[in-house]
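Q: Give me coordinates for this.
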Amino acid sequence: MLLNVQGNTAYCYTGGKQFDPRLPTAVFIHGAQNDHSVWGLQTRYFAHHGFGVLAVDLPGHGRSKGAPLRSVEAMADWVLALLEAAGVERATLIGHSMGSLIALEINFRAARHVSRIALVGTAFPMKVSDALLNAALNDEEAAIDMVNIWSHSTIAQKPSAPGPGFYVMGGSRRLMQRVAALNGDAVFHTDFQACNTYENGEAAARSVTCPVLFVLGKNDLMTMPRASTALQAAMPHAKLAMLDRCGHALMTEQPDAVLDALFAFASRQT
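A: Purely as a prediction, here's the structure:
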């Protein structure tokens, strides 16, 4: 689905069904150098089981036009403008990595539009090493390789993986290369800087009163589970789903477990 947001074309994947704002809405927000496609399994299931789905491409990512936004705050304002353009009053927000910070900031700015928040592969502060920031700016291919190695719990997925024969690391690498190729700006560096400089996470977390779910990978080296301690302390009412044999690329390494956790959370009546 295409919308006009802040003067540019914005793309949302709707899970294979026409978006209906009268249904409960689930908004999926991707992380750095990604796009809506990282949520492929989860969004299709939600869309075919009672939800209206908006899996966004942030500006400068995937099919959305415009330059990549330079702060989490600006990205939160953009998603809020997208919800208004789509006619959505309230939504469940599901964010991965950088997207989890965006979800928190959206709630901080406009809690009336948020019914639930799921934070997937999250941390605060979400600091990025100088080596990775430098690579993202000056050697993007090296940065892509570094992130892929650190984001997966194993280099070679076992034959019992949910998608046998599917090259998990290769697919993730190719997506990041495609995002880079579609936009001449240094998207990866811009995204990382936005994560690195975001300072409002703890205050945003303390302001949350709606239901919250943390979905974390036990073997995550990018946003280690212990790095979410401050957020969890600020939201003692939050629930936690800790996934085994899983790194930062939770949606590809453990797609079924992520789906089960998210759908059960979004479907609860209380």
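
Q: Can you name every helix or strand that whatever helix or strand Leu175 lives in contacts?
A: Mapping Leu175 onto the secondary structure by DSSP states H and E places it in helix 168-182. Counting contacts by 3 or more CB pairs under 8 Å, 6 or more residues apart in numbering; DSSP states H and E, helix 168-182 packs against helix 140-151, helix 187-197, helix 250-253. Placement of C-beta: from N, CA and C, glycine included.

Q: Name the nearest residue to Ile106, sequence neighbours excluded.
A: Residue nearest to Ile106 in three dimensions, not counting chain neighbours: Ala76, with 4.6 Å by CB to CB, 6 or more residues apart in numbering.

Q: May I have the secondary structure class of the one you found?
A: Taken by DSSP: H, G, I helix; E, B strand; the rest coil, the conformation at Ala76 corresponds to helix.

Q: okay, now it: neighbour count?
A: By other CB atoms under 10 Å, the residues close to Ala76 number 24.

Q: dump the residue contacts of it.
A: Taking CB atoms under 8 Å, 6 or more residues apart in numbering, we find Ala76 in contact with Ile102, Glu105, Ile106, Phe108, Arg109.

Q: Would you map the helices across the protein?
A: Remark: helices assigned in the chain by DSSP state H are 40-47, 72-86, 98-110, 130-138, 140-151, 168-182, 187-197, 201-206, 229-234, 250-253, 255-267.

Q: Any idea which of these gets closest to Lys17?
A: Proximity to Lys17 (CB to CB) singles out helix 40-47 among these, at 4.5 Å.

Q: Give me the residues contacting the closest one.
A: Residues contacting helix 40-47 (CB under 8 Å, 6+ apart): 13-17, 26, 28, 36, 53, 55, 94, 251, 255-256, 258-259, 262-263, 266.

Q: For it, the averaged confidence score.
A: Per-region confidence: helix 40-47 scores 96 on mean pLDDT.

Q: what angle separates it from helix 255-267?
A: 30 degrees (axes from the mean of the first three to the mean of the last three CA atoms, to 10 degrees).

Q: Please shift the residue numbers so they start at 18 in all later answers.
A: With the count now opening at 18, the last piece we talked about shows up as helix 57-64.

Q: Output helix 57-64 as CSV, nothing but the C-alphas.
A: Extracted in CSV, the C-alpha atoms of helix 57-64 (Å, rounded to 0.1, in the frame of the first residue of the first chain):
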residue,chain,number,x,y,z
GLY,A,57,7.3,-11.7,6.0
LEU,A,58,6.0,-14.7,8.0
GLN,A,59,4.6,-12.7,10.9
THR,A,60,2.8,-10.1,8.8
ARG,A,61,1.1,-12.6,6.6
TYR,A,62,-0.2,-14.6,9.5
PHE,A,63,-1.5,-11.5,11.3
ALA,A,64,-3.2,-10.3,8.2
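
Q: Pull the number of nearby residues for the closest residue to Ser114 other than its chain neighbours.
A: The spatially closest residue to Ser114, leaving aside those adjacent along the chain, is Gly48, at 3.2 Å (CB to CB, 6+ apart). For Gly48, the neighbour count with other CB under 10 Å is 30.

Q: I'd guessed Gly48 sits against Ile111; true?
A: No - between Gly48 and Ile111 there is no contact under CB atoms under 8 Å: 11.7 Å.

Q: Scan the contacts of Ala93 and report the most crowded one.
A: Ile119 (31 neighbours).

Q: do you know how far that one is from Glu158?
A: Distance of Ile119 to Glu158, given as CB to CB, to the nearest Å: 26 Å.

Q: Can you report how many residues lie near Phe36?
A: Phe36, neighbours per other CB under 10 Å, totals 20.

Q: Distance check, the nearest residue to His169 once chain neighbours are set aside against Pro142.
A: Nearest non-adjacent residue to His169, counting by CB to CB, 6+ apart: Gly264, 4.9 Å away. Noted for Gly264: a distance of 20 Å to Pro142, by CB to CB.
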